[in-house]
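Chemist: Let me see the structure of the following:
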Amino acid sequence: MRAHPIVPRRPRTTATAVVLVAGLALTGCAAPGQQDRAAAAPSATVSSTATPSAADPDCFDVTGFQPENADPALIDANAPAITVVGVDGLLLNRSGSKVTAPSRAAKAQRNRAHAADRTAQLLVSNYSEADGDFSEPIARKLLTSSANRARVVRSLATAVRTGGWDSIMIDLEALTPADRRGLTAFARALRAAVGDDVRLDIALTASTSAAGYADLGYDVRALRAPIDHFTLMAYDQHGPWEPRSPGPVGSLAWSSKAARALATLAPADQIVLGVAGYGYHWKGKRPAGQLSDAQARLRVRKAGVTPEWDAKVGEWTATLPSGEVLWWSDARSLRERVQLADRLGLAGVAVWSLDLSDRIEPIG
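Modeler: Numbers count the residues shown, from 1 in each chain. Next up is the predicted model:
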């Protein structure tokens, strides 16, 4: 969920603006995986922080991702509309043998989430600060070594058991098919370590075919048991890594196709639809970059241009007199995707991220 060499692949920052479908409640529901495990083990206690699932029509899960160094006040501003604060987070070291300890800034985000009575979820990723991108070699060193997996699992379980975190999200990206078995083993070991009542999610890069998820390093069917939610990163369909191909950050049709493909491998109510709360800008061969929703609107306004809402895509676009092209996904885009998630029977949505997007506003 972190960054492309040029800009965040899943932007590292956000100030979310979400308007939810009227009538969808935000509390009081256990995740499908938690329900299943509780049924299999009656003695297990389902956590009071268990979040909503679309399995119950009155429940809808809303995650707002928060970079560790973002303003904690964003959590307060968005708390009425979100159920989970996903804090980004922990990084694997280059040998894949351990993770960084939660920083003081990350702990401040955790504390603010708890003050707002929201689930504090800790993300662990293979993002490399040195490379400016997600690192498959780092992930491979973790996933192919049982000793490395065990050490990292112990650290994450400690973060939950004694560190005050309610939930973990596995955010390993840029994987290959060779990583599937190790990723499944890692998820199973982590589930065993944290127990059945702790929410354990995983972020998935989007694919528009079922086979594509396997190519991206995920054995989705095998992950269904240890994982509570698959957070589908339905963004970065286009970006500045394609300097000659401006386009939507994540069109409705593309997002729908990716979610439907994933739903052939996992129950729909185990899937959370990731939504962009940001945009990109392109200008020929020049380096392009990421924009917050507010920055995109300001740039268009200063250029004296009226942006166009593409109803089919569900995003805004504009071409400036300089030839610069912008696409961005804002509060209106989020409303469309909440409706899409509801139609598909998904568990909810997850917005990347609170420091880039508009404020999330509940309705109903």
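
Chemist: Show me where the stretch 1-150 of the chain has its strands.
Modeler: 61-67, 84-91, 119-125, 127-128, 133-134 (DSSP state E, counting those that start in this stretch).

Chemist: Mind giving me the packing neighbours of the fourth one?
Modeler: In other words, strand 127-128. strand 133-134 (3 or more Cβ pairs under 8 Å, 6 or more residues apart in numbering; DSSP states H and E). Quick note: C-beta positions are derived from backbone N, CA and C, even for glycine.

Chemist: which helices and strands does the strand it packs on pack with?
Modeler: Partner elements for strand 133-134 (3+ Cβ pairs under 8 Å, 6+ apart): strand 127-128.

Chemist: any residues touching the strand it packs on, and which ones?
Modeler: Under the contact criterion Cβ atoms under 8 Å, 6 or more residues apart in numbering, strand 127-128 has outside partners 2, 3, 91, 94, 133, 134, 135, 138, 171, 173.

Chemist: hmm, back to that, just put the strands of the stretch 1-150 of the chain in CSV and tack on distance to residue 265, mean pLDDT and mean neighbour count.
Modeler: Listed next are these as CSV, based on distance: least, Cβ to Cβ, whole Å; pLDDT from 0 to 100; neighbours: other Cβ atoms under 10 Å:
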stretch, distance to residue 265, mean pLDDT, mean neighbour count
strand 61-67, 19, 97, 31
strand 84-91, 23, 96, 27
strand 119-125, 22, 98, 25
strand 127-128, 25, 96, 24
strand 133-134, 22, 96, 22
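
Chemist: between these, which gets nearest to residue 308?
Modeler: Residue 308 lies closest, by Cβ to Cβ, to one member of the strands of the stretch 1-150 of the chain: strand 61-67, at 27.6 Å.

Chemist: ok, and the most crowded of the contacts of strand 127-128?
Modeler: Within the contacts of strand 127-128, neighbour counts (other Cβ atoms under 10 Å) peak at residue 171, which reaches 26 neighbours.

Chemist: From residue 299, how far out is that one?
Modeler: The spacing between residue 171 and residue 299, counted by Cβ to Cβ, to the nearest Å, is 30 Å.

Chemist: again, but for residue 247
Modeler: Relative to residue 299, and taking Cβ to Cβ, residue 247 is found at 18 Å.

Chemist: Which stretch among the strands of the stretch 1-150 of the chain approaches residue 262 most closely?
Modeler: Judging the strands of the stretch 1-150 of the chain by Cβ to Cβ, what sits closest to residue 262 is strand 61-67, at 15.7 Å.

Chemist: tilt between that closest one and strand 119-125?
Modeler: Strand 61-67 and strand 119-125 are oriented at 60 degrees to each other (axes from the mean of the first three to the mean of the last three Cα atoms, to 10 degrees).

Chemist: Using CSV, write down the CA coordinates of strand 61-67.
Modeler: What follows is strand 61-67, C-alpha atoms only, in CSV (Å, rounded to 0.1, in the frame of the first residue of the first chain):
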residue,chain,number,x,y,z
ASP,A,61,-17.1,-2.3,7.0
VAL,A,62,-15.2,1.0,6.3
THR,A,63,-11.5,1.1,6.7
GLY,A,64,-9.6,4.4,6.5
PHE,A,65,-5.8,3.9,5.9
GLN,A,66,-3.6,6.3,7.8
PRO,A,67,0.1,6.7,7.2
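
Chemist: shaky segments in the chain?
Modeler: Across the chain, the ranges flagged by pLDDT under 70 are 1-58, 287, 363-364.

Chemist: where along it do the helices fall?
Modeler: Taking DSSP state H as the criterion, the chain contains helices spanning 32-40, 73-78, 104-115, 136-143, 146-161, 180-194, 210-215, 220-223, 252-262, 293-302, 331-343.

Chemist: quick one: contacts of the second one?
Modeler: Among residues not part of helix 73-78, those counted as contacts by Cβ under 8 Å, 6+ apart are 14-16, 64, 66, 85, 109, 112-113, 116, 118, 354-355, 359-360.

Chemist: cutoff 10 Å now
Modeler: Helix 73-78 has contacts (Cβ atoms under 10 Å, 6 or more residues apart in numbering) with 13-18, 62, 64, 66-67, 71, 82, 85, 87, 108-116, 118, 120, 351, 353-355, 357-362.

Chemist: circling back to that earlier point, with distance to residue 124 added, can I get the helices of the chain in TSV?
Modeler: TSV is the format used below for these (distance: least, Cβ to Cβ, whole Å):
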stretch	distance to residue 124
helix 32-40	18
helix 73-78	20
helix 104-115	11
helix 136-143	10
helix 146-161	6
helix 180-194	9
helix 210-215	20
helix 220-223	15
helix 252-262	21
helix 293-302	27
helix 331-343	25
